[in-house]
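J.: Here you go, sequence then predicted model.
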Amino acid sequence: MCGIVGYVGHDAVLPVLLDGLSRLEYRGYDSAGVAFIDQEQVKIRKKKGRIKNLEQALIEDGLLNRLEIHIGIGHTRWATHGAPSDENSHPHLSADGRIAVVHNGIIENYLELKRFLLDLGYEFQSETDTEVVAHLVEHHYHEHNDGDILAAVRRTIADLEGSYALGVLCADHPNQFIAARKDSPLVLGLGESCNYIASDIPAILSHTRRIVIMEDREIAQLTADAIILYDALGQIVTREPLLVTWDSEAAEKGGYEHFMMKEMHEEPKAVRDTVMPRLRENRIRFDSLNLDRAAINQLDRIRIVACGTAAHAGIVGKYIIEELCRIPVEVDVASEFRYRNPIVTDKTLTIIISQSGETLDTLAAMREAKRQGSQILAIVNVVGSSIAREADHVIYTVAGPEIAVASTKAYNTQLAALYLLAFQMAFEIGKIDAKQLEAYLTKMVDLPNLIEETLSHQDIIQRFAAEHFNAHSIFFIGRGLDFALSMEASLKLKEISYIHSEAYAGGELKHGTIALIEEGTLVVCPMTQPQLVDKMISNIREVKARGAVILGILTPECAKAAEVCDQVIELPSVDPLLAPIVAVTPTQLFAYYMTVNKGFDVDKPRNLAKSVTVE
Ligand code: AGP
């Protein structure tokens, strides 16, 4: 996700900003920029691409080491609204060019605010939600004409819905800048005759270890000699600074040992950021997707095409779209799809799923489907990626950058996007009514809390992994959506722990593979589908009779299966249709702890790349 750095002091600010931004590169970004005050003007430089492009621009303009430029804010952008470009990069300027803003987060009501500002005559240079903030600060600043930039920011954030970490610079106040946060992290760094802001500790750890973590709805006013922190009511807050003892490498992971663990803990926010901006008055709003009743009713089938984890998300998508919409759905792994002469017509909707948006197999499959006349809907995590650019419609997951090779939060958000799509289509064609849609959406809103709850059981999973990490072969068996989930659970385990594993439909094992079950074989059984639990209990008895050890992952509605399990991981109660998005997290944690016990590289497993851009 985006990175923010700010500095006010007596040193040349631009090297400090570039150094800070470079220490945030691990968060993933596609453009970078800085705003600073020079000769009583706010100036900005911003560039698509790597930080070095920005540095080169500053060198060419003779700005980089000018000592008299000693206040500024910087930003690395992970695009969520508007493709990567110079114009969409931050900082964004107010119309009069005297206020600059950097932002991390998502302004959920930016369209309403943009319409308000357009009606006032403001013009926009970018597609971003952040530019709305820049103009809104200016509007409030001039409306009260009291020269109080702090008050203008306070009035602005009162208008905002969604998440934000903000840095605001105003030419009228060359010795101070403002910071504010809600839901997106922002820290304050206390230096010697200088002060900092950063979206994450690593950005400023080389300058100061005295850190104050801002809390939601707080605003900070920073000068070289002081930081004044205000709460939501405008009362001054005093908070003892932390003394950070991390080394910078550890700090980049936010204190987690691995990116994978950090990203699993980001799942609640990632799902929330993917779902919430698309809900309005109990309806689903996709920015640019016009799948209306007529378009859906003329479909002869839906194809879902992807690779690896994304393909496993597609299998869950198949189950839920067929269940809700009664439209035939076929799932293909991309590398097979393009070579098996698939049946595609102009009445086929092809859903392409990809975290990176650059997987060559998937990109090529999409082009093949498009060549044969299919409409393409992409579910992608990287704004402006190749697949996103070539698709007819895009639903972005908002997981933020996923650094660990093993995909976790991206899978959860791919499911979230598929659920919203299935609900929207089912509602459009009358398969569910407004009351049912509202009920489903209410459950969707609660999913981040349920994922949070499963994350709280990690110690139980850690203990179980400590018992079984020397296993040679582990089976995941499930029925219905639990079978779809088992495929992803098995891949996660294989790709980081290097333990052989297979996912099997619970009812299929007896048709051959049960021959592999022997004394002590570990069989993991997600059970979230009450209507199938009795069948699963029979399947578990079959493998137990041959010596299997059973780990059950059970919702309360399937608790009866505990009697045939050797150990149980309890899930919160969840609608069976939505269960995979919650039940997957314990299986991700299981793979993680098995790998940690084996001493392998969790984030960079052997033989694998994060984005497979070769056939
Ligand atoms: C996921 O854990 C794997 N690293 C891999 O299967 C991945 O899901 C697959 O390569 C597809 O990548 P994409 O989603 O970026 O297209």
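T.: Everything's here; your move. Residues are numbered from 1 along each chain as shown.
J.: what ranges do the helices span in the stretch 101-250 of the chain?
T.: Using DSSP state H, counting those that start in this stretch, the helices found in the stretch 101-250 of the chain span residues 110-119, 130-144, 149-159, 248-252.
J.: need the ones you listed in CSV with mean neighbour count, mean pLDDT and distance to the ligand, can you?
T.: C-betas here are computed from N, CA, C, even on glycine. Rendered in CSV, the data for these read as follows (neighbours: other C-beta atoms under 10 Å; pLDDT from 0 to 100; distance: least, C-beta to the nearest ligand atom, whole Å):
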stretch, mean neighbour count, mean pLDDT, distance to the ligand
helix 110-119, 16, 95, 27
helix 130-144, 23, 96, 26
helix 149-159, 19, 97, 35
helix 248-252, 16, 65, 20
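J.: does the ligand sit close to stretch 591-599?
T.: No - Stretch 591-599 stays clear of the ligand (C-beta under 6 Å from any ligand atom), getting no nearer than 9.6 Å.
J.: okay, and the helix or strand of this structure with the least pLDDT?
T.: Lowest on mean pLDDT, DSSP states H and E among the helices and strands of the chain sits helix 248-252, with a mean of 65.
J.: any idea which helix or strand comes after that helix?
T.: helix 259-265 (DSSP states H and E).
J.: Go ahead and name everything in contact with that following helix.
T.: For helix 259-265, the surrounding residues in contact (C-beta atoms under 8 Å, 6 or more residues apart in numbering) are 26, 253-254, 256, 399, 402-404, 406, 408-409, 455, 496, 585, 588-589, 592, 602-603.
J.: List only those of those residues flagged as buried.
T.: Neighbour-count burial (16 or more other C-beta atoms under 10 Å) applied to those gives 26, 253-254, 399, 402-404, 406, 408-409, 455, 496, 585, 588-589, 592, 602-603.
J.: quick one, strands of the stretch 401-550 of the chain?
T.: Using DSSP state E, counting those that start in this stretch, the strands assigned to the stretch 401-550 of the chain run over residues 473-478, 500-505, 522-527, 549-554.
J.: who's in contact with residue 177?
T.: For residue 177, the contact set (C-beta under 8 Å, 6+ apart) comprises 6, 8, 71, 73, 167-170, 197, 222.
J.: next one: residue 490
T.: 474, 476, 501-503.
J.: For residue 112, give me its contacts.
T.: Counting by C-beta under 8 Å, 6+ apart, residue 112 has no contacts.
J.: Could you rerun that using 10 Å?
T.: Residue 112 makes contacts with 132, 159, 161, 280, as judged by C-beta atoms under 10 Å, 6 or more residues apart in numbering.
J.: go on, residue 422?
T.: Shown in contact with residue 422 (C-beta under 10 Å, 6+ apart): 316-325, 327, 329, 431-432, 440, 577.
J.: tell me the mean pLDDT for stretch 341-351?
T.: Average pLDDT, stretch 341-351: 95.
J.: do the same with stretch 461-473
T.: Mean pLDDT, stretch 461-473: 94.
J.: cool, and stretch 85-103?
T.: 93.
J.: buried stuff in that stretch?
T.: For stretch 85-103, burial by neighbour count (16+ other C-beta under 10 Å) applies to 85, 87-95, 98-103.
J.: just stretch 535-542 next, same as before
T.: For stretch 535-542, the neighbour count (16+ other C-beta under 10 Å) marks 536-537, 539-540, 542 as buried.
J.: same deal with stretch 53-71?
T.: 54-55, 57-58, 63-64, 69-71.
J.: ditto for stretch 547-556
T.: By neighbour count with 16+ other C-beta under 10 Å, stretch 547-556 contains the buried residues 548-555.
J.: Out of the residues you listed, which comes closest to the ligand?
T.: When the buried residues of stretch 547-556 are ranked by distance to the ligand (C-beta to the nearest ligand atom), residue 553 comes first, at 19.1 Å.
J.: right, and that closest one touches residue 574 too?
T.: No - counting by C-beta atoms under 10 Å, residue 574 is not a contact partner of residue 553; they are 12.0 Å apart.
J.: who touches both of the two?
T.: Counting by C-beta under 10 Å, 6+ apart, the common neighbours of residue 553 and residue 574 are 454, 528, 583.
J.: Ignoring the adjacent residues along the chain, who's closest to the first one?
T.: The spatially closest residue to residue 454, leaving aside those adjacent along the chain, is residue 585, at 4.4 Å (C-beta to C-beta, 6 or more residues apart in numbering).
J.: just to confirm, which helix or strand has that neighbour in it?
T.: Under the criterion of DSSP H and E, residue 585 resides in helix 579-598.
J.: Now the stretch 201-350 of the chain against the ligand: closest residue?
T.: When distances are taken as C-beta to the nearest ligand atom, the stretch 201-350 of the chain reaches nearest to the ligand at residue 308, 1.8 Å away.
J.: That residue reaches residue 414, doesn't it?
T.: No - at 11.3 Å, residue 308 does not count as touching residue 414 under the criterion of C-beta under 10 Å.
J.: Common neighbours of these two, please.
T.: Joint contacts of residue 308 and residue 414 (C-beta under 10 Å, 6+ apart) are 353-355, 407.
J.: now the strands for the stretch 101-250 of the chain?
T.: Going by DSSP E, counting those that start in this stretch, the stretch 101-250 of the chain shows strands at 164-170, 177-182, 187-190, 195-198, 210-213, 218-222, 227-230, 236-237, 242-243.
J.: any idea which of the ones you listed is most buried?
T.: Among these, ranked by average contacts under mean count of other C-beta atoms under 10 Å, first place goes to strand 195-198 (a mean of 29).
J.: Let's test this: mean pLDDT of that strand, rounded?
T.: Strand 195-198 comes out at a mean pLDDT of 97.
J.: which non-adjacent residue is nearest residue 182?
T.: Nearest residue to residue 182, sequence neighbours excluded (C-beta to C-beta, 6+ apart): residue 216, at 4.9 Å.
J.: Check which helices and strands the longest helix anywhere in the chain sits against.
T.: For the chain, the longest helix by residue count, based on DSSP state H, is helix 434-455. Secondary-structure packing of helix 434-455 (3 or more C-beta pairs under 10 Å, 6 or more residues apart in numbering; DSSP states H and E): helix 259-265, helix 267-275, strand 279-280, strand 283-284, helix 409-428, strand 567-570, helix 579-598.
J.: any idea which of the contacts of residue 422 is closest to residue 607?
T.: Residue 607 lies nearest to residue 316 out of these, by C-beta to C-beta, at 26.2 Å.
J.: OK, contacts around the closest one?
T.: Going by C-beta under 10 Å, 6+ apart, residue 316 touches 304, 331, 411, 414-415, 418-419, 422, 481, 483-485, 487-488, 577, 579-581, 584.
J.: so where does it fall, helix or strand?
T.: With DSSP H and E as the test, residue 316 turns up in helix 308-325.
J.: Following the chain onward from that helix, which element is next?
T.: Per DSSP H and E, the first helix or strand lying C-terminal to helix 308-325 is strand 329-333.
J.: model confidence over that following strand, on average?
T.: So the average pLDDT for strand 329-333 ends up being 98.
J.: can you give me the angle it makes with helix 308-325?
T.: Relative orientation of strand 329-333 versus helix 308-325 (axes from the mean of the first three to the mean of the last three C-alpha atoms, to 10 degrees): 180 degrees.
J.: Can you tell me the strand partners of strand 329-333 and which way each runs?
T.: Strand pairing for strand 329-333, determined by DSSP bridges: strand 301-306 (parallel).
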